[in-house]
Structure formats: C-alpha cells, structure tokens
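**Student:** Generate coordinates for the sequence data below:
(one chain, ligands or ions: 2)
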Amino acid sequence: MLLVASPEEIRKCDSYAIEKLGIPGILLMENASQGVIQSILMKYGGVAGKKVFVFCGGGNNGGDGLAVARKLFGMRAEVYIFLLVAPEKLHGDTKTNYEIALKIQKDKPKTDTFEIITLKDVKELEKYPKPDLVIDAIFGTGFKGKVQGLFYDVINWINTVRAYTVSVDIPSGLNGDTGEVEGIAVRADLTATMGLAKTGLMLNMGKILPGKIYIIDIGIPSFVYQLMGIKTYYLESLDVKRRLPVRPFNVHKYSCGKIFALVGSPGLTGAATMSTLSAMKVGAGAVIAGVPESLSPILEMKLTEVMKLPLPETNEHTIGWNALDLIEEYIEWADVLIIGPGISKNYETKQVILNVIKKLNKKAVIDADGLNALVGNLNILKSLHNEIVLTPHSGEFSRLTDLPIEKIEREKIEVARNFAVEYGVVLVLKGDTTVIANPEGEVFINPTGNPGMATAGSGDVLTGMIAGFMGQGLSAVDASICGVYLHGLAGDIARDKLGELPMMAMDILNAIPDAIQKVIKEEKG
Ligand SMILES: NC(=O)C1=CN([C@@H]2O[C@H](COP(=O)(O)OP(=O)(O)OC[C@H]3O[C@@H](n4cnc5c(N)ncnc54)[C@H](O)[C@@H]3O)[C@@H](O)[C@H]2O)[C@H](O)CC1
Ligand SMILES: [K+]
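**Tutor:** Residues are numbered from 1 along each chain as shown. Ligands and ions are numbered 1, 2, ... in the order given. Take a look at the predicted model:
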C-alpha cells in the first residue's frame, strides 16, 4: 500500500530533512525538478525543439518550476518562463534558481530561446507561440484559500490551450488535503508529486485533475515519514490479495465462519437477504439470519443457503424484547455478528440492540439501524474489548457524532481517524471515496467503486462481506480492507457490464466472485 501525506505532514518532513538532517533545500528542489524531467521523458517523450511554457508562482513550487525550465533548456527545448509574482518577492531557493535563470538568459546564444517574463495580464500570452508543453509550477503544498486574479486567468488559460500539461507536486488550485477545487484548478495530463502522494490527489477532484501521477523521491530518507507519524495509506489490489483467507483442506462449514445476523423488518427483507447472502459469497461457512418470526416464511423463500431463525417480535413485526434469550444463545454459537441491516427504528427493537451491544463479547459489524441504536450511546463502545466495525455513510455518521456532513465529507480522513482512536473501533466511513480507520490511528483510502453503487442495498452487501471475512479469521481492519476494496471492485465490474444507471445491489453481490478472481490474478500492486 502507498503511504500518502497531507500537505502539512509533507512540509514537516521537508523541514526535518533540511533543519535536522542538514539536507540543503536547494538540493531537495534540484532532486524534485530532476524527477519532474524524468516523468516528462517517460510519459511525454523528448522535448528537443518543443515550445514549453513554465508558469511559476512565488513559492518553492515556482522554484521547482525554474529548475525544471533550466533543465528543459539544457535538453534543447524552447523555454518561456512566466513569473506570476514580481521577482523582488522571490526568496530562498526560488530566488537562487531565478538568479541562475537570469544569468542563462543573459549569456545564452541569441538563437536559443530562454525567456523570463513577469506576467501582468494573461492577454500578454497572445504575443507568444502556442506551447507544446505547459509546466504548472504555480502552487504546491503552500496553496491556501481561493484562486483569484491573474492566477485564476492563467489557470483558465492553461485549461483552455490544452497543451500537454505537467503539474509540479499538485495541480495548482487543487486543495492538496481534501482534493477540492478552490475556484479553479489545473487539469493536468501528468502530476509529478514530491516525496509522498498527497491525500488531495486521492480524493474528490483529486481523482481526476492530476492525470497520471508519478511520485518523486527527492532524497528525504523514508524513516522521516514514519518519524513524522504519517499513517495514511492508499490501498492497492496486492494489499487485498495478501489478506484474502486461504482455505486449509481439513475444513467444514462451521470452521469457515459462523455468522449470526440480527436483520430485517417489514418492507426490509431485502436488507436481511443481501447482508447475509454476501457473507456467504465471500466464503463464510454458515450464516443464520435472525429475523422477526412473521417474516421468516418470506426469508425461507428468498434465502436458500442462509439459515433462518424466527425471533419473537413486537406488534410492528420487528425484533422484540422476548427474543433476547434466543439471541444470546445464538451469539454463543457465532464467531461474528451482523447487527442492523433492515431492523427498523422501532423503539423496543432499539432497546434489544443496545442490550446486545452492551454485552457483546464477539466480533461484530454494526450498520444502518444498528448504528441508530448507538446514537447518544457511543460510550458503550469504549467498554467493549472485542473487534467492532461500524459502517456508516456520512449521514449516519453525522447523526452518530453530531458533526456537520460537510465537515465529515471535507475532512473525512482526520474525522475517521479521531473517531476510531477515541472509540477503539474500526470505522468504515462510506462515501464517494470510502476510508477505513482503525484504533491505532491508521487510515486506508479505498480506490475502487463508482457512482452506480449509490443504490439501495449496496451498503447491506458491504456489511455482509466484512462480516464474512471476519468470520474466516481476518482482523476487523483486514476484513474491512478486503470487504471495502472488493465491494467497490465488484461495483466496477457490475458498472462495466450493466452501466452505472441500471446496476443494482444484487448485481454488486453477483460480481463478488469476479472481483475476488481479479484480485487473485493480479500480479503487481
Ligand atoms: N519535500 C517536498 O515536498 C519539497 C517540495 N518542494 C516544493 O515546494 C512546494 C511548497 O513550497 P511553498 O513555498 O511552501 O508553497 P508553494 O510553492 O505552494 O507556495 C504557494 C505560493 O503561493 C502563495 N499562495 C498561496 N495560496 C495562494 C492563493 N490562494 N492565491 C495566491 N497566492 C497564493 C504563497 O504565498 C506562496 O508564495 C511544494 O509544493 C514543492 O513543489 C521543494 O521544492 C522541495 C522539497
Ligand atoms: K503546481
């Protein structure tokens, strides 16, 4: 898996390397620019004779750009450097690279093109030939707030001229933390990012704008990243492949995971069906669906391999208080519990669920209305010592934590991390990008999935997958990594086959075998 960092974290690594290890910043900048050149040669090809526009901001990102410009000139490109700030504002390593560029401009042969222009108005660009290649070295990890004025006009021009565009470190205008676009951002063909990939390149518009991403080793020893406590990862297929359960020969159905599910209520027998079926689909050996007794005949029709346990019910035909003894008996039998899909918000049912969670001594996945039972009762989780996975989407998480949904969406990595550490659970925070956080404070960003998965029952399928992997001996975090990644991959397979609009939750469930096979066959990361 790929270690990824927020701009703040990478800046701390920078300062440590420069101030504590004595690695000169100009050396890091030179390494950074060399990495950009290598990425260009790999992805774009030779630059000799090519017209290149290098747009430089006032910070070190601009400094990288000036060093790149120098190297491109050395490779016989025709280079136009456009400074977007007054030269006297430049300082440090950027100023050094600017002064070098000035000397090159002065001493170069007349026939060679190496021009430095302080740009005041984007209209001035009309005086120059159309570029073949554009280098975006305007903003990097120092970007804050919104893009305005000349910066806005230049980024708009870059996106309009549609030359091959290379962003240094981060597409300018993209929030390196959240992947949100602050006004406008460069749409790049290639982004060469320094040290570690930034979280903003994995989230929101960061999944589209960077184009191909190359990670540049700029000479910071990797122990520095651990030392700075960076614990955010981007999942790859190999991370799932090496976690998948492997079946020994001497198995029987009860040794491959016994799952007991508290699920279903009138109108929500589908949730009961999909959350239990998907557990079997990932390999659980025996699954029992504990459902309100009046719904049991329906589940007998809908489910074959999943066993059914009719439970005493309330007058609304939801799981009732009198079911507790029977529930406790089957909790004894089970390895893992599924709590929540389709159980309804009935008050008595909620009391049953709370009672079960309070006394929980088995691994469990708590989802949907099981989570609603926890609203106002989160502290129960702190007294539990077994592995628990919560699988809320942003709305459910907002109800659980009272955090505003926009804060959850915007800061999902840190919000998830803090919750998982505080309550000692694995949190699967579902959304357009799902993140998994564990009590150790590690966060895993999931790359798979698509908007077609925003369909009723999709979450029920995920819940069963996570429970099914836990039942086969995976830890809560490993089961969540496998479940979330494969759920999204199955969703991608269903989308490829059916399209985003027609696909439904059962199509995701039915694509689980293909998703598992795809991961098993995957050779590289
Ligand atoms: N280890 C590494 O990652 C290294 C990265 N390098 C490069 O350095 C930049 C970070 O440099 P820094 O000077 O901190 O920030 P920027 O260059 O991104 O500076 C931004 C620049 O623009 C101004 N600014 C910020 N926000 C706005 C705004 N909304 N509107 C207008 N202007 C804005 C700010 O004042 C700065 O002047 C990193 O990305 C890498 O490219 C090092 O080269 C090597 C080590
Ligand atoms: K940039």
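**Student:** OK, contacts around the spatially most central residue of the chain?
**Tutor:** The residue lying closest to the centre of the chain (Cα atoms, centre = their mean) is I445, at 3.0 Å. Applying Cβ atoms under 8 Å, 6 or more residues apart in numbering, we find I445 in contact with V4, T199, M202, L203, T232, Y233, Y234, L235, I413, T433, V435. All C-beta spots, glycine's among them, are computed from the backbone N, C-alpha and C.
**Student:** Which residue ranges of the stretch 201-350 of the chain form strands?
**Tutor:** 212-216, 232-234, 258-262, 286-292, 307-311, 336-339 (DSSP state E, counting those that start in this stretch).
**Student:** tell me the most buried of the ones you listed?
**Tutor:** Ranked by mean neighbour count, those are led by strand 336-339 with a mean of 29 (mean count of other Cβ atoms under 10 Å).
**Student:** For it, which strands pair with it and how are they oriented?
**Tutor:** If you go by DSSP bridges, strand 336-339 pairs up with strand 258-262 (parallel), strand 363-366 (parallel).
**Student:** Of those, which is nearest G176?
**Tutor:** strand 363-366 (33.3 Å; Cβ to Cβ).
**Student:** Give me the residues contacting the strand or helix carrying K103.
**Tutor:** Assigned by DSSP states H and E, K103 belongs to helix 92-107. By Cβ under 8 Å, 6+ apart, the residues outside helix 92-107 that reach it are 25-26, 29, 56, 58-60, 62-63, 66-67, 69-70, 73, 81, 83, 87, 90, 114-116.
**Student:** Show me which residues of the stretch 51-200 of the chain sit near ligand 2.
**Tutor:** Taking Cβ under 5 Å from the ion as the criterion, the neighbours of ligand 2 within the stretch 51-200 of the chain are D136, S167, V168, S172.
**Student:** which of the residues you listed tops the neighbour count?
**Tutor:** Among those, V168 has the most neighbours (other Cβ atoms under 10 Å), with 35 neighbours.
**Student:** mind checking how far it is from G376?
**Tutor:** Counting by Cβ to Cβ, to the nearest Å, the gap from V168 to G376 is 48 Å.
**Student:** I'd like to know which of the contacts of I445 is nearest to ligand 1.
**Tutor:** For the contacts of I445, the residue nearest ligand 1 by Cβ to the nearest ligand atom is V4; the value is 12.7 Å.
**Student:** what about the strand or helix carrying the closest one, distance to the chain center?
**Tutor:** If you go by DSSP H and E, V4 is part of strand 2-5. Centroid separation for strand 2-5 versus its chain: 11 Å, with Cα atoms, centre = their mean, to the nearest Å.
**Student:** Next: stretch 494-506.
**Tutor:** With Cα atoms, centre = their mean as the basis, stretch 494-506 stands 22 Å off its chain's centre.
**Student:** likewise stretch 275-292?
**Tutor:** Using Cα atoms, centre = their mean, the offset of stretch 275-292 from its chain centre is 28 Å.
**Student:** What average pLDDT does that stretch get?
**Tutor:** For stretch 275-292, mean pLDDT is 97.
**Student:** again, but for stretch 346-354
**Tutor:** Averaging pLDDT along stretch 346-354 yields 97.
**Student:** Pull out the buried positions in that stretch.
**Tutor:** N346, E348, T349, K350, V352, I353 (16 or more other Cβ atoms under 10 Å).
**Student:** The last one touches N377, doesn't it?
**Tutor:** No: look at I353 against N377 with Cβ atoms under 8 Å: they stay out of range, at 9.9 Å.
**Student:** rewinding a little: the helix holding K103: what's the following helix or strand?
**Tutor:** For helix 92-107, the following helix or strand on the C-terminal side (DSSP H and E) is strand 114-118.
**Student:** Only alpha carbons, please: show that following strand as PDB.
**Tutor:** These are the backbone C-alpha positions of strand 114-118, laid out as PDB (Å, rounded to 0.1, in the frame of the first residue of the first chain):
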ATOM      1  CA  PHE A 114      15.100  31.000 -22.900                       C
ATOM      2  CA  GLU A 115      12.900  33.900 -21.900                       C
ATOM      3  CA  ILE A 116      11.800  35.100 -18.400                       C
ATOM      4  CA  ILE A 117       8.700  37.200 -18.500                       C
ATOM      5  CA  THR A 118       7.000  38.700 -15.400                       C
END
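**Student:** residues in contact with A373?
**Tutor:** G340, K350, I353, L354, I357.
**Student:** does V428 really touch S480, like I thought?
**Tutor:** Yes: contact criterion Cβ under 8 Å: V428 and S480 qualify, at 5.2 Å.
**Student:** Can you work out which residues contact both of those two?
**Tutor:** V389, I436, I466.
**Student:** As CSV, these with distance to K308 and pLDDT would be great.
**Tutor:** Formatted as CSV, the shared contacts of V428 and S480 follow (distance: Cβ to Cβ, whole Å; pLDDT from 0 to 100):
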residue, distance to K308, pLDDT
V389, 24, 98
I436, 31, 98
I466, 21, 98
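**Student:** Of those, just say which sits nearest to ligand 1.
**Tutor:** I436 (26.1 Å).
**Student:** how about that closest one, secondary structure?
**Tutor:** strand (DSSP: H, G, I helix; E, B strand; the rest coil).
**Student:** Which residues are in contact with it?
**Tutor:** Under the criterion of Cβ under 8 Å, 6+ apart, the neighbours of I436 are A416, V426, L427, V428, L429, V443, F444, N446, V477, S480, I481, V484.
**Student:** and the closest residue to D239 other than its chain neighbours, what is it in contact with?
**Tutor:** With Cβ to Cβ, 6 or more residues apart in numbering as the criterion, D239 has its nearest non-adjacent residue at 4.6 Å, and that residue is M1. Going by Cβ under 8 Å, 6+ apart, M1 touches Y233, Y234, L235, E236, D239, F444.
**Student:** and those, which two are the farthest apart?
**Tutor:** Farthest pair in these (Cβ to Cβ) is E236 and F444. Separation: 10.5 Å.
**Student:** out of the two, which sits in the busier spot?
**Tutor:** Set side by side, E236 and F444 show more neighbours around F444, with 25 against 15, by other Cβ under 10 Å.
**Student:** Is that one in a helix, a strand, or coil?
**Tutor:** Three-state assignment for F444 (three-state DSSP): strand.
**Student:** do the same with the one 5 residues further on
**Tutor:** Per three-state DSSP, the secondary structure class of G449 is coil.
**Student:** JSON lines please, covering the shared contacts of V428 and S480 and showing distance to ligand 2.
**Tutor:** Shown next, in JSON lines, are the shared contacts of V428 and S480 (distance: Cβ to the ion, whole Å):
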{"residue": "V389", "distance to ligand 2": "38"}
{"residue": "I436", "distance to ligand 2": "29"}
{"residue": "I466", "distance to ligand 2": "38"}
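**Student:** can I get these in CSV with distance to S383?
**Tutor:** Shown next, in CSV, are those (distance: Cβ to Cβ, whole Å):
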residue, distance to S383
V389, 17
I436, 23
I466, 22
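**Student:** coming back round to it: also within reach of ligand 1: list those from the residues of the stretch 51-200 of the chain next to ligand 2.
**Tutor:** Subset of these in contact with ligand 1: V168, counting by Cβ under 6 Å from any ligand atom.
**Student:** what's the closest of the residues of the stretch 51-200 of the chain next to ligand 2 to ligand 1?
**Tutor:** V168 (5.2 Å).
**Student:** What residues are bridge-paired with that closest one?
**Tutor:** V168 has the following beta-bridge partners by DSSP bridges: A192.
**Student:** That one contacts N61, doesn't it?
**Tutor:** Yes: V168 is within contact range of N61, at 5.7 Å (criterion: Cβ under 8 Å).
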